[in-house]
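In: sequence unavailable; structure follows:
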């Protein structure tokens, strides 16, 4: 039996532990990845991802020792270039997004495999006319000269995806400052729950993903409408559709309903007019109806005029009653005033008699008392009773 170095055994042992410890295992291709960039990426992913790089043969040995891990054998088909393994508990799509953002563009080197179709677009260059025209023609580019500069006439794919880059193509790409290569951790595939998710599926833009979700929703909605499956999202639409279909059926079958009565009457009127025009039929009955309607309108107008006149008479009668009432109130006031004047006269006569008697009884006065004194006495009494004011007393 051949001797196996202890460090190799340890590598295989560590790999088997990692295979059994992490639910997500990724296959990486580290080819053409400079060491400084690799160290930087490892630092950025520390705590979230464990990466290990070793020989392809040792990885296969560790895989063979972990047959209890579901789907582990499938990884062997994705050990490409300079293989490495990635172990994580992160979501595969989220992880791939992080890896894609960490990549940087780099110039192409002869012999490298093109990660995608490499295209040189039409447009002006910084080259002056000379040998460069032949070099560009050598890789299949059509050129011309404008304003003493070489111009590429049309777009052209110089290297297809998966093909090696030729030295002359790499040279032209570098001189045109085209950097088609991406430096970063190249995730080839991921194993999750026994299923392989290749790189092509993992690379999905958020916009495209949202667009596909919306498209799937629209497809499902249309399918539910066609199949008549009632759900929360389509119930209003289905009710509206059923209503319109029932209405169309009623119109087609001449089924009278409150929903279609206007349409049916309109249709009947159009048909009648069409028959009338085609048969040149005079509709006397219609004219009679029109005359009757006119008479009815006149009658209604007359009734309205009569009602208005009645209202006017009522309002005039009310005004007259109000005026009569006012007159009555005025006459009542005059009567009251007359009675008050009469009472005052009676009161005055009475007071005069009392004054006269008072003077006759009083020994200090004679029968020939001056009339002014008698008037003063009378006014004083009126003042005491509140009938006149002090000014009225002093006037005489």
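Out: Cool, got the structure. Only a predicted model underlies this, so the values are computations on that prediction, with no experimental measurement involved. Residues are numbered from 1 along each chain as shown.
In: my guess is residue 119 is in a strand, correct?
Out: Yes. Assessed by DSSP: H, G, I helix; E, B strand; the rest coil, residue 119 belongs to a strand.
In: might one say that it is in contact with residue 157?
Out: Yes. Using C-beta atoms under 8 Å, residue 119 makes contact with residue 157 at a distance of 5.3 Å. Where C-beta positions appear, they are placed from N, C-alpha and C, glycine not excepted.
In: and the helix or strand containing residue 375, how far out from the chain middle?
Out: If you go by DSSP states H and E, residue 375 is part of helix 371-385. Here the centre of helix 371-385 is set off from its chain's centre by 98 Å, with C-alpha atoms, centre = their mean, to the nearest Å.
In: what's the answer for stretch 230-245, then?
Out: Chain-centre distance of stretch 230-245: 23 Å, with C-alpha atoms, centre = their mean.
In: can you give me the buried ones in it?
Out: Neighbour counts over stretch 230-245 (16 or more other C-beta atoms under 10 Å) mark residue 234 as buried.
In: quick one: contacts of it?
Out: With contact meaning C-beta atoms under 8 Å, 6 or more residues apart in numbering, stretch 230-245 is reached by 221, 224, 225, 228.
In: quick one: mean pLDDT over it.
Out: The average pLDDT for stretch 230-245 rounds to 85.
In: next one: stretch 24-34
Out: pLDDT averaged over stretch 24-34 gives 85.
In: give me the distance between the two termini of it.
Out: End-to-end distance of stretch 24-34: 26 Å, with C-alpha to C-alpha, to the nearest Å as the criterion.
In: what comes up buried for it?
Out: Neighbour counts over stretch 24-34 (16+ other C-beta under 10 Å) mark 24, 25, 26, 27, 28, 29, 32, 33 as buried.
In: ok, the third one touching residue 187?
Out: Yes. At 5.7 Å, residue 26 counts as touching residue 187 under the criterion of C-beta under 8 Å.
In: what touches both of these two?
Out: 86, 95.
In: host element of residue 20?
Out: Assigned by DSSP H and E, residue 20 falls in helix 6-21.
In: chain center to that helix: distance?
Out: 56 Å.
In: give the rounded mean pLDDT of that helix.
Out: What helix 6-21 shows for mean pLDDT is 92.
In: over to stretch 118-132?
Out: Stretch 118-132 carries an average pLDDT of 90.
In: and that stretch, what's buried?
Out: Neighbour counts over stretch 118-132 (16+ other C-beta under 10 Å) mark 118, 120, 125, 127, 132 as buried.
In: endpoints of that stretch, how far apart?
Out: Using C-alpha to C-alpha, first and last residues of stretch 118-132 are 20 Å apart.
In: residues making contact with that stretch?
Out: By C-beta under 8 Å, 6+ apart, stretch 118-132 touches 108, 141, 145-146, 148-159, 165, 169, 172-173, 175-176, 178, 180.
In: which residue is the nearest non-sequential neighbour of residue 191?
Out: Nearest residue to residue 191, sequence neighbours excluded (C-beta to C-beta, 6 or more residues apart in numbering): residue 25, at 4.5 Å.
In: kindly report the same for residue 32.
Out: Using C-beta to C-beta, 6+ apart, the closest residue to residue 32 is residue 112 (6.0 Å).
In: so residue 84 versus residue 275, what's the distance?
Out: 90 Å (C-beta to C-beta, to the nearest Å).
In: out of the two, name the residue with the larger neighbour count.
Out: residue 84 (22 against 10; other C-beta atoms under 10 Å).
In: element containing the more buried one, please.
Out: Counting by DSSP H and E, residue 84 is part of strand 83-88.
In: mind checking the longest helix of this structure?
Out: Criterion DSSP state H: the longest helix present in the chain is helix 284-361.
In: how about low-confidence regions in the stretch 151-300 of the chain?
Out: Judged by pLDDT under 70, the stretch 151-300 of the chain has its weakly predicted residues at 205, 280-290.
In: if we use 80, what do you get?
Out: For the stretch 151-300 of the chain, the stretches flagged by pLDDT under 80 are 182-184, 203-209, 251, 254, 256-261, 264, 267-268, 271-273, 276-294.
In: need the strands for it, in chain order.
Out: Along the stretch 151-300 of the chain, counting by DSSP state E, counting those that start in this stretch, strands occupy 156-159, 181-183, 186-192, 195-198.
In: list the buried residues in the shortest one.
Out: The neighbour-count criterion (16+ other C-beta under 10 Å) identifies 181, 183 as the buried residues of strand 181-183.
In: swap in stretch 78-87?
Out: Neighbour-count burial for stretch 78-87 [16+ other C-beta under 10 Å]: 78, 79, 83, 84, 85, 86, 87.
In: contacts for it, please.
Out: Taking C-beta under 8 Å, 6+ apart as the rule, stretch 78-87 contacts 15, 18, 21-22, 24-31, 33, 49-54, 56, 59-60, 185-189, 196, 198.
In: and if we set it to 7 Å?
Out: 18, 22, 25-31, 49-53, 56, 59, 188-189 (C-beta atoms under 7 Å, 6 or more residues apart in numbering).
In: surely residue 15 is in contact with residue 61?
Out: No. Assessed by C-beta atoms under 7 Å, residue 15 is found out of contact with residue 61, at 8.4 Å.
In: more neighbours, the two?
Out: The neighbour comparison of residue 15 against residue 61 (other C-beta under 10 Å) goes to residue 15, with 21 against 17.
In: who are the contact partners of that one?
Out: Per C-beta under 7 Å, 6+ apart, neighbours of residue 15: 52, 59, 62.
In: can we see that at 10 Å?
Out: By C-beta atoms under 10 Å, 6 or more residues apart in numbering, the contact set of residue 15 is 52, 54, 58, 59, 61, 62, 63, 65, 66, 85, 87.
In: what about the second one, neighbour count?
Out: Residues contacting residue 54 under the criterion other C-beta under 10 Å number 16.
In: just the pLDDT for it.
Out: At residue 54, pLDDT is 91.
In: could you find the closest non-adjacent residue to it?
Out: Nearest residue to residue 54 in three dimensions, chain neighbours excluded: residue 11, at 5.4 Å (C-beta to C-beta, 6+ apart).
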